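Whatever this is, show me its structure:
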Amino acid sequence: MRSDNIKSGIARTPHRSLLMATGVSKKNIDAPYIGIASSFSDLVPGHIGMRDLERQIEKGIHSGGGQAFIFGVPAVCDGIAMGHEGMRYSLPSRDLIADCIETVANAHQLDGLVLLSNCDKITPAMLIASARLNIPTIIVTAGPMLDGESKCEKLTMIRGSFEAVGKYRDGVIDKERLAELEEASCPSAGSCQGLYTANTMACLTEIMGMSLPFCATSAAVSSHKRRIAFESGLQIVELVRKNKCPLDIITKDNLRNAIIADLAMGGSTNSFLHLLALANAANIDISIDDFEELSHKIHQVLKLEPSSDYTMYDFYQAGGVTGLLKVLLHDIKEFKDIEGVTLKKTSELTQNAYVDNKIIHNYSEPFTTKPGLGILKGNIAPDGSVIKISAVDESCYEFTGKAKCFDSEEEAMQALENKKIEEGDVVVIRYEGPKGGPGMREMLAPTSLLVGLGLGTKAALITDGRFSGGTRGICVGHICPEAQDGGTIALIEDGDIIEIDINKRTLNLKVEDKILEERKKNWKPKDINTTGYLAKYSRTVQDASHGAIV
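As a prediction, this is how the structure comes out:
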């Protein structure tokens, strides 16, 4: 075992003494050492219930004959960080968390890991860390929160709070109703209720076989989640004994499985960043071209909030990821059978799975033959951009409008709040990319306000920043090259005509090349007045088409 490096032989007497100081008994000195990397935090709704799950995992590890050690890693709530300077730290926290886990696991020569995660950047960070370390690992995602409800209206965090702000500003609801929605939208611990980034990444983690069945969809406050946590503790000891490691599971075929499932589900656009970063950590040749290739082949068989009224609770009741896998394995020839942390083939686990076809459609009867996500290219985004097709009304698949340009999210929000955005406008938010932000902030506040103001099908928004998985409407993000690198998005002027064509997968600025060349001569990068971690991040981060890796 790796842990023999810190516990075996006469020379390790001091090390064993220190281990005993932590409470390890003489009997357990020789047991497999399993780290529980917990992202518990009182600040993050998705993580506040993790103390209980830590206990369940710990019980499972000790029941299986291992020795558990809990250590902490940071967690950022994107919803709380949204719409201000705090969001600049969200994406950079992914690499920080991966570094923390790598550091602790290698410094203490742990034999295996259970990674306790839930929210947006924490789950991909833990996947990246697992690939870097390549020691036996199971990921436990803490699960979605319960649906909200007020006056018989089903609520989620996005529709019940973010979009409610726009409805209030537009006079659709009064201040009293806004306060009721605020209080009722998030009724329990857990990740937000729709197929946003946290739940998308939880589903993809289960699809890749890095977590146990139903882990992604079982509610944070359910007994099922507690049992999964316990069983994960038991199973990690078995993985250590069999030396089953993440890179035995995270293969090129399996990453393509994740892309296929993401397209079929209509998940968060952020998954593109995270799967590319995971591929880099695992040294697997996956690029944005794989997304582009598959996006022309895969139909959408699942529609969850924000694209429909169904939530993660409904998905769980309909069969969850296991039910989805049954459909994908049966009907998509590109989808490969896998063996994950359960040590069983996916086909064995899914053959008798329950599937409610009202929610998880048969592939022959999809919601749409269009995928949930798409890559758009053109002179605005020669290196690619991302749109959540599932969240766009089909009447808007071709949209042409006039640019209104803003050099920050705050400037765009001010224009939206003052109702300066009109039907036919294309809101351009730039200098929000990985390098220029720095930190590639999510634009949930402006996109939600756009929808709340009734412009969701009448105006568009493009940005070199990111979107929340809860974004809906004609919204294109991840534009590469970003403005800070002198991309075309930096050269757009108010009144320029922009064409978005989802069917053709194009995003173009209708301005002659020679005019753009003249504008480029007068362009200068934005001064990045920041220090500390963000300054270092801005200097080292790559563009979104490579997963914003550092």
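
who's in contact with the residue nearest the centre of the chain?
The centroid of the chain falls nearest to Thr197 when counting by CA atoms, centre = their mean (3.3 Å). Thr197 is in contact with Asp78, Asp120, Ser268, Asn270, Ser271, Ser468, Gly469, counting by CB atoms under 8 Å, 6 or more residues apart in numbering. In short, each C-beta sits where N, CA and C put it, glycine included.

10 Å instead?
In this structure, Thr197 makes contact with 78, 90, 119-121, 123-124, 191, 267-271, 273-274, 442, 466-470, judged by CB atoms under 10 Å, 6 or more residues apart in numbering.

next one: His330
By CB under 10 Å, 6+ apart, His330 lies in contact with Ser347, Thr350, Gln351, Val355, Asn362, Tyr363.

Quick one: neighbours of the fourth one, just the number.
For Val355, the count of nearby residues is 20 (other CB atoms under 10 Å).

mind listing what it touches?
Ala318, Gly319, Gly320, Thr322, Gly323, Leu324, Leu325, Lys326, Val327, His330, His361, Asn362.

do the last one as well
Tyr363 makes contact with Ala264, Ile298, His299, Gln300, Val301, Val327, Leu328, His330, Asp331, Ile332 under the criterion CB under 10 Å, 6+ apart.

can you rerun that using 8 Å?
Listed by CB under 8 Å, 6+ apart, the contact partners of Tyr363 are His299, Val301, Val327, Leu328, His330, Asp331, Ile332.

Near the nearest residue to it once chain neighbours are set aside, how many other residues are there?
Nearest non-adjacent residue to Tyr363, counting by CB to CB, 6 or more residues apart in numbering: Asp331, 3.4 Å away. Neighbour count for Asp331, taken as other CB under 10 Å: 15.

do the same with Lys536
Neighbours of Lys536 using other CB under 10 Å come to 14.

separation between the residue nearest to the centre of the chain and Gly148?
Thr197 is 19 Å from Gly148, where distance means CB to CB, to the nearest Å.

Among the contacts of Val355, which lie within helices?
Gly320, Thr322, Gly323, Leu324, Leu325, Lys326, Val327, His330 (DSSP state H).

how far away is the last one from Gly323?
Distance, His330 to Gly323, using CB to CB: 11 Å.

what do you get for Val511?
With the distance defined as CB to CB, Val511 ends up 48 Å from Gly323.

Now the longest helix belonging to the chain: buried residues?
Longest among the helix segments of the chain by residue count, using DSSP H, is helix 223-242. Residues of helix 223-242 classed as buried: 225-226, 228-241 (neighbour count, 16 or more other CB atoms under 10 Å).

Now the element after it, going C-ward?
Sequence order places helix 246-249 as the next helix or strand after helix 223-242, per DSSP states H and E.

can you count the residues close to Ser8?
Ser8: 14 neighbours (other CB under 10 Å).

what residue ranges in the stretch 51-200 of the chain score low on pLDDT?
Within the stretch 51-200 of the chain, not a single segment meets pLDDT under 70.

List the residues that contact Ile70.
Here Ile70 is in contact with Gly35, Ile36, Ser38, Glu54, Glu58 (CB under 8 Å, 6+ apart).

can you put these in TSV and add secondary structure, distance to Lys402 and neighbour count?
Formatted as TSV, these follow (DSSP: H, G, I helix; E, B strand; the rest coil; distance: CB to CB, whole Å; neighbours: other CB atoms under 10 Å):
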residue	secondary structure	distance to Lys402	neighbour count
Gly35	strand	54	24
Ile36	strand	54	26
Ser38	strand	50	23
Glu54	helix	53	20
Glu58	helix	58	21
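
mind listing what the residue lying closest to Leu155 once chain neighbours are set aside touches?
Spatial nearest neighbour of Leu155, chain neighbours left out: Gly148 (3.3 Å); criterion: CB to CB, 6+ apart. Shown in contact with Gly148 (CB under 8 Å, 6+ apart): Lys154, Leu155, Thr156, Met157, Gly160, Ala184, Ser185, Cys186, Pro187, Gln193.
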